[in-house]
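A.B. asks: sharing a model that was predicted from the sequence below.
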There are 2 protein chains.
Amino acid sequence: MATTNKQVILRDYVTGFPKESDLIFNDATVDLKVAAGSNKVLVKNLFLSCDPYMRIRMSKPDPSTAALALPYTPGQPIYGYGVSKVVESGHPDYTKGDLLWGIVGWEEYSVITITPYSHFKILHTDVPLSYYTGLLGMTGMTAYSGFYEICSPKKGETVFVSAASGAVGQLVGQLAKIMGCYVVGSAGSNEKVDLLKNKFGFDEAFNYKEEKDLNAALKRCFPEGIDIYFENVGGKMLDAVLLNMKLNGRIAVCGMISQYNLEEQEGVRNLSSVIYKRIRLQGFVVFDYYHKYSKFLEFVLPYIREGKITYVEDVAEGLEKGPSALIGLFHGKNVGKQLIVVARE
Amino acid sequence: MATTNKQVILRDYVTGFPKESDLIFNDATVDLKVAAGSNKVLVKNLFLSCDPYMRIRMSKPDPSTAALALPYTPGQPIYGYGVSKVVESGHPDYTKGDLLWGIVGWEEYSVITITPYSHFKILHTDVPLSYYTGLLGMTGMTAYSGFYEICSPKKGETVFVSAASGAVGQLVGQLAKIMGCYVVGSAGSNEKVDLLKNKFGFDEAFNYKEEKDLNAALKRCFPEGIDIYFENVGGKMLDAVLLNMKLNGRIAVCGMISQYNLEEQEGVRNLSSVIYKRIRLQGFVVFDYYHKYSKFLEFVLPYIREGKITYVEDVAEGLEKGPSALIGLFHGKNVGKQLIVVARE
């Protein structure tokens, strides 16, 4: 038995900011069968996640980014994290009706190959299922592993988070508050700043687009300096942060969204501060921490159930809204975690 | 009893490259007495050390560098590391004739105040006394603590050292060889490159001034990439290194001599590599490791005595040669550790 399968295709490699026209729709068909013993699983995609790293996959092959992510293939569907339901399984660990999150195509149905940590079975459904695209999925694990493993946080320390209302940032801020830190976030609109202060409990927040001088904004929020910077944006913000770090400060470099669409990266000029202040600046990728996923769930689920950790999602309805939702991410149009509903069940 | 005391004075704060005329001589007098119980010690200075960080002290006060070093006072003698002999002591732990190394003025005699780790008594004199300005002093400790504490080296890893024939670099390279690493160094003349390969045992070396493309030079020396970069120069070299680091690479940021004389720092554009390759880039300052000095001596002295660690010094004779020796450092004129002989005994 076969059915139609709408897909989102990368037209060609992208230079500069991606446009909606870089992504085109294709009506394919999919056979609703997988061979027994093939280890393959046919899933119906329910939610898809829009994440900044996907921009890196839209560029032509580049040895410097190959260690993180290989490019999409022009003419083929793009792929990313999603929440899916098993339709048929050739893998002994999965059966029809199972829910899982992991990498799937941007399409209605995907045939996936299970490899270690490629997909995670969803066992807790008393929380919103869409959370597994973000808070309880890759971005939540990114916040958790980056904050606890890279930042070495201590109670009472000062923490700055950029892109703080985004999928990762909003959880980092809440984790830092749970730890007893003083937390400041930056974001790109007053609506987002309001969320940071009034929904996520940040101590202070500012709209970086309204600050003439980022160095002055940070000095205002951190008169004694910054112990921990959770870096999501790069460029000018990093330069201003370097001037405001405290002795023995830590910078967890999670992303640099301000740089992904530039043909030439901005130069960071204040790096000698890492010497003067003995700063540790460390890049990390969530893949390296997936073996701790069940520990993460044990930690975070009780906080979610008690309402002590909250999460804001920006939901686009329908796969046809996918391209505009993904491209909007690079213009900061999303408020909270951007995801797409492909199907409700 | 008093005697004349020639001194080297900072005329005024320096902008850009320092010139010899920024340092002037003064004929002071010094009383050859210190009060008993004053904790002060009068020393005769034998050797003075020329170190890149001294440039930072020549600039006007700057909050970003204050955590490392406060500026010199215009009109007063500059100071730095040196090897000295006690003439008279008001401190119970020091007596006439003791040798020590630590911070002293650029002058013939200094009155020093002993604080924890400010000065170290020299107990091993079967090795050249001048070594305590470098190999067995601050710069040796810098190489040792930076390499072992920050680089986390493992046998068989690939190591790149910039300014590799300098006071710190030459020891880092030899420590890396002892560890069983593959070691490449860069330096600014063919004479220095020859030293790296034929005296210090580096596996490979290149003259960065003769390379049109630093990225290509590094790819040639490290076809599989760099595990560890010991950073002494900053700027363009760091940018090229970032493109050539391996997954989970470490960068120990010891110094950025290429930047100290610039009015605006060069921008480093390839920082997003720290994410893609999970790089740790960490600044450090030797002061934080002085409690391990005796452990360092235990480690390094046997290698020196057996001729397994060697050291090249560039010796300027006489305090009057001090300004040209120090300024020459910023033009790469020195071959090996630059020091000044003020007196032989």
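C.D. replies: Thanks, I have it. Numbers count the residues shown, from 1 in each chain, chains lettered A, B, ... in the order given.

A.B. asks: chain A: helices as residue ranges?
C.D. replies: Secondary structure of chain A (DSSP state H): helices at A:54-58, A:138-145, A:169-178, A:190-198, A:214-221, A:236-244, A:273-276, A:293-305, A:322-329.

A.B. asks: now those helices in TSV, with mean neighbour count and mean pLDDT?
C.D. replies: Heads up, the C-betas are built off the backbone N, CA and C, glycines and all. Converted to TSV, the helices of chain A look like this (neighbours: other Cβ atoms under 10 Å in any protein chain shown; pLDDT from 0 to 100):
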stretch	mean neighbour count	mean pLDDT
helix A:54-58	21	95
helix A:138-145	25	98
helix A:169-178	26	98
helix A:190-198	18	97
helix A:214-221	18	98
helix A:236-244	22	97
helix A:273-276	24	95
helix A:293-305	15	98
helix A:322-329	21	97
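
A.B. asks: make TSV from those and add distance to residue B:258 to it.
C.D. replies: Shown next, in TSV, are those (distance: least, Cβ to Cβ, whole Å):
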stretch	distance to residue B:258
helix A:54-58	30
helix A:138-145	35
helix A:169-178	35
helix A:190-198	39
helix A:214-221	24
helix A:236-244	17
helix A:273-276	13
helix A:293-305	43
helix A:322-329	37
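
A.B. asks: out of these, nearest to chain B?
C.D. replies: Proximity to chain B (Cβ to the nearest Cβ) singles out helix A:273-276 among the helices of chain A, at 3.5 Å.

A.B. asks: run through who's touching the closest one.
C.D. replies: A:242-243, A:245, A:279-281, B:64-68, B:253-256, B:281-285 (Cβ atoms under 8 Å, 6 or more residues apart in numbering or on different chains).

A.B. asks: could you tell me which of the residues you listed belong to strands?
C.D. replies: Among the contacts of helix A:273-276, the ones falling in strands (DSSP state E) are A:245, A:280, A:281, B:253, B:281, B:282, B:283.

A.B. asks: neighbour-wise, which of these leads?
C.D. replies: residue A:245 (30 neighbours; other Cβ atoms under 10 Å in any protein chain shown).

A.B. asks: residue contacts, residue A:323?
C.D. replies: So residue A:323 contacts A:8, A:20, A:22, A:23 (Cβ under 8 Å, 6+ apart).

A.B. asks: burial count for the spatially closest residue to residue A:38 that is not a sequence neighbour?
C.D. replies: Closest residue to residue A:38 apart from its sequence neighbours, by Cβ to Cβ, 6 or more residues apart in numbering or on different chains: residue A:90 at 3.7 Å. By other Cβ under 10 Å, 18 other residues sit near residue A:90.

A.B. asks: pLDDT value on residue A:90, please?
C.D. replies: Looking at residue A:90, its pLDDT reads 94.

A.B. asks: so what's residue A:81 bridging to?
C.D. replies: residue A:103 (DSSP bridges).

A.B. asks: that one against residue A:140, yeah?
C.D. replies: No: in this structure, residue A:81 is not within contact of residue A:140 by Cβ atoms under 8 Å, at 10.9 Å.

A.B. asks: one step back: show me the contacts for the residue nearest to residue A:38.
C.D. replies: A:34, A:35, A:36, A:37, A:38, A:39, A:40, A:41.

A.B. asks: OK, now which residue of the stretch 201-345 of chain A is nearest to chain B?
C.D. replies: residue A:267 (1.3 Å).

A.B. asks: contacting residues around that residue?
C.D. replies: With Cβ under 8 Å, 6+ apart, residue A:267 has these contacts: B:266, B:267, B:268, B:269.

A.B. asks: just send those back as JSON lines, with pLDDT and distance to residue A:114 too.
C.D. replies: Output for the contacts of residue A:267, formatted as JSON lines (pLDDT from 0 to 100; distance: Cβ to Cβ, whole Å):
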{"residue": "B:266", "pLDDT": "93", "distance to residue A:114": "47"}
{"residue": "B:267", "pLDDT": "94", "distance to residue A:114": "44"}
{"residue": "B:268", "pLDDT": "95", "distance to residue A:114": "41"}
{"residue": "B:269", "pLDDT": "95", "distance to residue A:114": "39"}
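
A.B. asks: and which of these is nearest residue B:130?
C.D. replies: Using Cβ to Cβ, residue B:266 comes nearest to residue B:130 of the contacts of residue A:267, at 34.2 Å.

A.B. asks: for the closest one, grab phi and psi.
C.D. replies: phi -70, psi 150 (degrees, to the nearest 10).

A.B. asks: look up phi and psi at the nearest residue to it once chain neighbours are set aside.
C.D. replies: Spatial nearest neighbour of residue B:266, chain neighbours left out: residue B:235 (4.2 Å); criterion: Cβ to Cβ, 6+ apart. Here is the backbone geometry of residue B:235 (degrees, to the nearest 10): phi 60, psi -130.

A.B. asks: and residue B:235, how many neighbours?
C.D. replies: By the measure other Cβ under 10 Å, the count of residues near residue B:235 is 20.

A.B. asks: and for residue A:335?
C.D. replies: Close neighbours of residue A:335, defined as other Cβ under 10 Å, add up to 16.

A.B. asks: can you check residue A:260 too?
C.D. replies: Residue A:260 has 21 nearby residues by other Cβ under 10 Å.

A.B. asks: what does the one 5 residues further on give?
C.D. replies: The local packing count at residue A:265 equals 20, with neighbours defined by other Cβ under 10 Å.

A.B. asks: pretty sure it is touching residue B:242, no?
C.D. replies: No: contact criterion Cβ under 8 Å: residue A:265 and residue B:242 do not qualify, at 10.4 Å.

A.B. asks: make sure residue A:84 is actually in contact with residue A:49.
C.D. replies: No: taking contacts as Cβ under 8 Å, residue A:84 lies outside contact range of residue A:49: 11.5 Å.

A.B. asks: please report how far residue A:19 lies from residue B:283.
C.D. replies: Relative to residue B:283, residue A:19 is positioned 40 Å away (Cβ to Cβ, to the nearest Å).

A.B. asks: scratch that, residue A:308
C.D. replies: 36 Å.

A.B. asks: with residue A:181 instead?
C.D. replies: 22 Å.
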